[in-house]
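Student: Following is a predicted model, sequence given first.
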Amino acid sequence: MKILEQVYFDNGATSYPKAPMVAEAMADYLLNNGSNVSRGAYKAAMDASRLVYETRMQLCDLFHFDKPDHVIFTKNITESINQVLKGILTDKDHVITTSMEHNAILRPLSSIGCETTRVHADTEGYVHLDAFKEAVKNNTKMIVMIHGSNVSGSINDIEAIGRFAKEKGIIFVVDAAQTAGVVDINMDYIDVLCFTGHKSLLGPTGTGGFLVQPHIVESMKTLIEGGTGSASELEVQPDHMPDKYESGTPNVVGLYGLHTALSFVMNEGIDQIHKHELDLVEYFINNFKSDDVRIVGSKSMDNRTAVISLDFLTKDNAMVAFDLQRTYNIATRVGMHCAPAAHKSLGTFPNGTVRVSFSYFNTIEEVKYLLDALTIILDN
């Protein structure tokens with residue numbers, strides 16, 4: 001078996017490689033512009049500000065939104081979720097979430113101290129609308145939930161849940177870390193959509209944000225205040241958008257990269273990207289046969305991302321991941337994936353799983369290589 005130099009299957013953590021020309025766009029900004037945004041009227045600053053605005057417009061196009069000034073940039077989706085939850089909730093509120101959540105949601109909720117009901121997922125990692133209906137109380141203020149699981153790859157029906165929340169006057173917040181860029185998402189049934197730029201959007205780390213409906217803004221207090229380049233004569237935070245939630249110098253170089261990545265994703269088409277990734281998943285599942293390994297979650301190609309979790313029943317999961325890297329140069333991720341509640345739901349707590357997550361740039365040949373490596377590891 002020929003050993004390949006590098007095979008990257010940890011795209012659920014961050015995508016690699018990034019979209020074509022991302023690095024070049026970032027380098028061009030650093031070498032030929034370098035200015036701040038919203039803080040100067042000279043050409044370089046105006047050029048940078050224009051690109052940042054265009055990036056807001058791209059995200060509006062991607063998520064079917066028509067308010068670019070309500071697209072807020074943060075350094076990652078965790079910051080976005082913290083801003084939203086801590087900006088809206090108090091310890092007097094009731095919140096519905098799910099048993100599949102990432103700690104990016106569970107830890108802020110714990111910190112706030114609000115009453116929380118977790119809707120339990122089925123054995124494949126899906127949550128269902130009827131359970132949300134049963135969980136609603138008189139003081140339910142928000143439903144906050146993951147769209148696509150970073151453990152099982154299951155994609156939940158956020159449209160049905162979002163429209164139910166809208167009927168009930170409940171704020172609906174979505175964590176789209178694993179799905180933005182591969183699944184069509186529409187802001188029509190979402191109050192706040194949190195995203196990250198470095199996963200399926202194929203952009204650099206340090207980029208993320210949230211899209212927020214106007215009716216939420218008045219009641220969502222700021223997490224950080226400071227210089228915005230606007231209303232500088234005031235010693236209080238401006239309340240106009242997007243400045244209200246964007247204090248301090250933004251990651252301009254990262255947004256140059258994200259702009260380029262979004263152009264690539266939208267030109268290729270999210271349906272095409274998702275299809276290619278699911279073709280890899282289908283090939284793996286159809287050709288991986290072992291009674292000693294449990295494929296966690298659904299084996300169907302419906303309503304899933306390109307995340308596959310493997311639980312090795314006769315070997316230590318950590319040692320399998322170590323052997324994949326040490327012997328075969330295959331990068332996976334082992335453990336709890338910052339989602340202990342999801343692993344409890346799926347029966348893989350406390351050992352976790354070996355997670356394989358494909359991207360648009362992976363190939364069938366790389367999947368075959370993984371299958372060969374796993375066969376050898378299981379036979380030894």
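Tutor: Structure received. Residues are numbered from 1 along each chain as shown.

Student: what's the residue closest to the geometric middle of this protein?
Tutor: By Cα atoms, centre = their mean, the chain has its centre lying nearest to Ala177, at 0.7 Å.

Student: so it makes contact with His102?
Tutor: Yes. Counting by Cβ atoms under 8 Å, His102 is a contact partner of Ala177 at 7.1 Å. In short, each C-beta sits where N, CA and C put it, glycine included.

Student: intersection of neighbour lists for the two?
Tutor: Ile146, Asn150 (Cβ atoms under 8 Å, 6 or more residues apart in numbering).

Student: for Leu280, phi and psi?
Tutor: phi -70, psi -40 (degrees, to the nearest 10).

Student: what's the distance between the residue nearest to the centre of the chain and Ser80?
Tutor: Counting by Cβ to Cβ, to the nearest Å, the separation of Ala177 from Ser80 is 10 Å.

Student: Which stretches in the stretch 101-250 of the chain count as helices?
Tutor: Ranges of helices within the stretch 101-250 of the chain are 103-112, 129-135, 158-168, 214-217, based on DSSP state H, counting those that start in this stretch.

Student: Which strands and helices lie in contact with the longest one?
Tutor: Of the remaining helices and strands, those touching helix 158-168 by 3 or more Cβ pairs under 8 Å, 6 or more residues apart in numbering; DSSP states H and E are helix 129-135, strand 140-146, strand 171-175.

Student: and that helix, C-alpha only, in PDB?
Tutor: Output of helix 158-168 as PDB, limited to C-alpha atoms (Å, rounded to 0.1, in the frame of the first residue of the first chain):
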ATOM      1  CA  ILE A 158     -35.200  23.900  10.900                       C
ATOM      2  CA  GLU A 159     -37.900  25.300   8.500                       C
ATOM      3  CA  ALA A 160     -40.700  23.400  10.200                       C
ATOM      4  CA  ILE A 161     -39.400  24.200  13.700                       C
ATOM      5  CA  GLY A 162     -38.800  27.900  12.700                       C
ATOM      6  CA  ARG A 163     -42.200  28.300  11.300                       C
ATOM      7  CA  PHE A 164     -43.700  26.800  14.500                       C
ATOM      8  CA  ALA A 165     -41.700  29.200  16.600                       C
ATOM      9  CA  LYS A 166     -42.900  32.100  14.500                       C
ATOM     10  CA  GLU A 167     -46.500  31.100  15.000                       C
ATOM     11  CA  LYS A 168     -45.900  31.100  18.800                       C
END
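
Student: quick one: average confidence on it?
Tutor: Across helix 158-168, pLDDT averages out at 98.

Student: and it with strand 140-146, angle?
Tutor: 170 degrees (axes from the mean of the first three to the mean of the last three Cα atoms, to 10 degrees).

Student: buried ones in helix 158-168?
Tutor: For helix 158-168, the buried set under the neighbour-count rule, 16 or more other Cβ atoms under 10 Å, comprises Ile158, Ile161, Gly162, Arg163, Phe164, Ala165.

Student: okay, the residues you listed in CSV with distance to Glu54 next?
Tutor: Shown next, in CSV, are these (distance: Cβ to Cβ, whole Å):
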residue, distance to Glu54
Ile158, 27
Ile161, 32
Gly162, 28
Arg163, 31
Phe164, 35
Ala165, 31
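
Student: From those, pick the one nearest Ser298.
Tutor: Ile158 (17.0 Å; Cβ to Cβ).

Student: hang on, isn't that closest one packed against Met187?
Tutor: No. Taking contacts as Cβ under 8 Å, Ile158 lies outside contact range of Met187: 11.1 Å.

Student: re the thing from before, shared neighbours of Ala177 and Ser80, which are they?
Tutor: Residues touching both Ala177 and Ser80 (Cβ under 8 Å, 6+ apart): Cys194, Phe195, Thr196.

Student: Sort out for me which of those residues are in strands.
Tutor: Cys194, Phe195, Thr196 (DSSP state E).

Student: Counting neighbours, which of those residues comes out on top?
Tutor: Neighbour counts for those, by other Cβ atoms under 10 Å, peak at Cys194, which reaches 32 neighbours.

Student: Torsion angles phi and psi at the nearest residue to that one once chain neighbours are set aside?
Tutor: Leaving aside its chain neighbours, Cys194 sits nearest to Ser80 (4.1 Å; criterion: Cβ to Cβ, 6 or more residues apart in numbering). Backbone torsions for Ser80, taken as degrees, to the nearest 10, come to phi -60, psi -50.

Student: Run a quick neighbour tally on Ser80.
Tutor: Per other Cβ under 10 Å, the neighbour tally for Ser80 reads 30.
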